[in-house]
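A.B. asks: sequence unavailable; structure follows:
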């Protein structure tokens, strides 16, 4: 009788321990709703590789990744509480923080060290240098960041913004209108326009000139991983884990880009893997890896440069106040520098 009671008690204790462990494990898993900036592309490889290889799960995270509606829209999605984190534009954070400092998302892992905005001209066109811009017609979507920031790029190059004409064009027609000669130049998001030209059978390097805003005085940051202030307050360990997982995948992709594209392909079977590999390579070379990121590591920023960026955005958009650099970006969740070097 005593043996029976002992065995029963032992089984009960074991079962209770197992149930407690399972419940505790479930409680430690944090669900994260993550939004991209746009439809799924090769540049999103770090997020899908981190998911595929279990890097998120290793950090106790259950991450759901959704397509986006634009880099600035990522800020709105996180601000609304619909998403906990996302891949979006630093400059949109700056604008939001000027109005809602207590609610604006915070950048925690800066990916695009260089701005992806550029003036695109044909190699045989009339604009061979920035000095040739005055007197010509530029096409750009009215609401795009490239169009909004163009006057600041001109001023940084000592060119009067009134000396050029900007005509509103549909985003999907920019390259066609340029090729047809309807405009002398297009104001583009380079990593997108590059692939549009490839899909049209053009050679983006030989057939065109690219005037990157970052090379002509507009020293601003762009897309990175942002999180809500609520996530930082309620789940700081989850924020750290999210950044650690994405950085792990980024380092993997630097060593093996095809692995990143395979992860994207697994999620979105209809993508052109070869084209998206070219897009990823272009982004890595022109946006992610720079002299600065080689020095401070991918994910970090220069506080001085960010402060200058804030000044630029505040002046351009007539912001009522200028948020401090530490309110729009924090490095507290970054892995050590030597783990982030490209």
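C.D. replies: Perfect, I can see it now. All of these numbers come straight from a predicted model, not from anything done at the bench.
A.B. asks: quick one, strands of this structure?
C.D. replies: With strands called from DSSP state E, the chain shows them at 30-35, 61-66, 85-89, 106-110, 117-122, 137-140, 165-168, 185-189, 208-212, 223-227.
A.B. asks: format these as a markdown table; extra columns: mean pLDDT and distance to residue 278.
C.D. replies: Placement of C-beta: from N, CA and C, glycine included. Formatted as a markdown table, those follow (pLDDT from 0 to 100; distance: least, C-beta to C-beta, whole Å):
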| stretch | mean pLDDT | distance to residue 278 |
| --- | --- | --- |
| strand 30-35 | 98 | 25 |
| strand 61-66 | 98 | 22 |
| strand 85-89 | 96 | 20 |
| strand 106-110 | 98 | 23 |
| strand 117-122 | 96 | 17 |
| strand 137-140 | 96 | 24 |
| strand 165-168 | 96 | 29 |
| strand 185-189 | 96 | 16 |
| strand 208-212 | 97 | 15 |
| strand 223-227 | 97 | 19 |
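A.B. asks: any chance of those strands in a markdown table, plus mean neighbour count and distance to residue 149?
C.D. replies: Formatted as a markdown table, these follow (neighbours: other C-beta atoms under 10 Å; distance: least, C-beta to C-beta, whole Å):
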| stretch | mean neighbour count | distance to residue 149 |
| --- | --- | --- |
| strand 30-35 | 20 | 23 |
| strand 61-66 | 18 | 27 |
| strand 85-89 | 27 | 11 |
| strand 106-110 | 25 | 18 |
| strand 117-122 | 24 | 6 |
| strand 137-140 | 21 | 10 |
| strand 165-168 | 13 | 12 |
| strand 185-189 | 25 | 9 |
| strand 208-212 | 18 | 12 |
| strand 223-227 | 27 | 14 |
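A.B. asks: so which of those strands is nearest residue 304?
C.D. replies: strand 106-110 (14.3 Å; C-beta to C-beta).
A.B. asks: that closest one vs strand 223-227, what angle?
C.D. replies: Angle, strand 106-110 to strand 223-227, by axes from the mean of the first three to the mean of the last three C-alpha atoms, to 10 degrees: 140 degrees.
A.B. asks: what angle sits between strand 106-110 and strand 85-89?
C.D. replies: In terms of direction (the same axes, to 10 degrees), strand 106-110 departs from strand 85-89 by 80 degrees.
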